Each structure stands twice: as C-alpha cells, then as structure tokens.
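Student: Let me see the structure of the following:
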Amino acid sequence: MRQNIGTVNALVRITCGFALLAWSTARMVKKPNQTSLMVIAIAAAMKVAEGFTRFCPLTYLFEENVMYEGDEDYYEDYSPLNPS
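Tutor: Here you go, the predicted model:
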C-alpha cells in the first residue's frame, strides 16, 4: 500500500478525526439509540486510520482515474514516490 497523502494532511485528519470521535462518543452516552451518531463515529475513526496509515482510498481512486485518462506513454514509466 503506497502512501498517497502528505504529512500535514495526515496530521489534520488525525486531529479532526479524534475530535469528531470524542464528540460523537460523548453524545452517544446521552442518546445511545441514535444511529446517525454511530455513522459519524465510524467516519471519524476512518479518518484517524487514514491519518495513521497516510493512505486515503478516495484519493487513490481519484489519482488512478485522472492518471490514466491522458497520454498513456507519459504514465507508462510511473514509479511510486516512496517504495517502502
């Protein structure tokens, strides 16, 4: 899995994800039967995981579609930025 987001973007995702996760779990204590809060908590946890792994599936899909729409000869020799 190749990293496709930067360090600052990852830190913003981690910070906002933890804040939203804390808010949604605090709200679920008061109102445990609201499914919308569970969806928010899952989305926030996903943002935290994206920040830690520095991989975003939506960014990956967008890059793949944009990259291969143009000239195929230019992108034929494409190598990853971080091989590890």
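Student: hey, where'd the helices end up in this structure?
Tutor: Assigned by DSSP state H, the helices in the chain fall at 7-30, 35-53, 57-67, 72-75.
Student: Can you redo those as a markdown table, where the extra columns are distance to M1?
Tutor: C-beta here means a position set from N, CA and C on the backbone, and glycine is covered the same way. Listed next are the helices of the chain as a markdown table, based on distance: least, CB to CB, whole Å:
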| stretch | distance to M1 |
| --- | --- |
| helix 7-30 | 14 |
| helix 35-53 | 7 |
| helix 57-67 | 9 |
| helix 72-75 | 20 |
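Student: weakest of those helices by average pLDDT?
Tutor: Between the helices of the chain, the one with the least mean pLDDT is helix 72-75; it has a mean of 54.
Student: Can you report how many residues neighbour L61?
Tutor: 10 (other CB atoms under 10 Å).
Student: Quickly note the distance from it to N4.
Tutor: 10 Å (CB to CB, to the nearest Å).
Student: Next: F62.
Tutor: Taking CB to CB, one finds F62 at 9 Å from N4.
Student: between the two, what contacts are shared?
Tutor: Contact criterion CB atoms under 8 Å, 6 or more residues apart in numbering; residues shared by F62 and N4: none found.
Student: which of those two has more neighbours?
Tutor: The residue with more neighbours, out of F62 and N4, is N4; 20 against 12, by other CB under 10 Å.
Student: T53 is in contact with that one, correct?
Tutor: No - applying CB atoms under 8 Å, one finds N4 not in contact with T53, separated by 10.0 Å.
Student: Tell me, how many residues neighbour T7?
Tutor: 10.
Student: Good, we can wrap up now.
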